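Asks: Any chance you can model this:
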Amino acid sequence: IPIHSSSPGRIDCLDWFCGAGGTATGLLADDRFRILVGANHNPRAIETYGLNNPAIDVRLTDLQAIDPVDFPPARILISTPECTNHSGAQARRLYEQGPAALDEDNPDFDFDEYVRQERSRATMACSLRYAERHSPEFVLHENVVEVAWWGLELDGKKRGDGSTYRWWKNEWQKLGYVVHELFENAAAHGAP
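Replies: Residues are numbered from 1 along each chain as shown. Below is the predicted model of the structure:
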């Protein structure tokens, strides 16, 4: 998602929802890239990331609760937010329940589970706050294809209408970014 013209020099990056460091491994194979901070909420992921990348500032943090001022400016923000509750299997379970999934009067309604799932889906918005503060030149988001379903339930469908996803894309455009989408199936490239 470009916003500024290219600037020369080393390309500083942030690696949010960094997991064990797969993205870092790829980027750091090219010495033009430098990752300033790797951040994740999972202690095991952070421990592994730190062992794999000892020169990177690794932070165990809830990225939904951070203040963007606590992170340095970078030309690229890489964000791979939680995908579990956007994935086809999890989203279908929610949408198969229909309106009952959101009905607090339904005895099967699990409010804590609903909040947990919505909080997971909302991790997609974490990078918006960073971009408002620091305006990185590029923001790279990675998630499952079904993230485009994020929104209100469609009658008779096992998916959402994509309204929340469209809102999310529109927020990037309001910040001056041009959104480019690439829907890719890694299986087509030999990955499981």
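Asks: Can you pull up the most central residue in this structure?
Replies: residue 81 (2.5 Å; Cα atoms, centre = their mean).
Asks: For that one, which three-state class applies?
Replies: coil (DSSP: H, G, I helix; E, B strand; the rest coil).
Asks: Just the local confidence number for the residue found closest to residue 59 once you drop the neighbours it is linked to in the chain, please.
Replies: The shortest distance from residue 59 to any non-neighbouring residue, by Cβ to Cβ, 6 or more residues apart in numbering, is to residue 39 (4.5 Å). Using the backbone N, CA and C atoms, a C-beta is placed for each residue, glycine as well. Note on residue 39: pLDDT of 94.
Asks: which residue sits closest to the residue nearest to the centre of the chain in space, ignoring its chain neighbours?
Replies: residue 123 (3.7 Å).
Asks: Buried residues in stretch 143-153, which are they?
Replies: Residues 143, 144, 146, 147, 148, 149, 150, 151, 153 are the ones in stretch 143-153 that count as buried (16 or more other Cβ atoms under 10 Å).
Asks: re the thing from before, which residues touch the residue nearest to residue 81?
Replies: Each residue near residue 123 by Cβ atoms under 8 Å, 6 or more residues apart in numbering is listed here: 17, 63, 64, 81, 82.
Asks: Report pLDDT for the closest residue to the first one other than its chain neighbours.
Replies: It refers to residue 17. Counting by Cβ to Cβ, 6+ apart, residue 17 lies nearest to residue 80, which is 4.6 Å off, once chain neighbours are set aside. Listed pLDDT for residue 80 reads 85.
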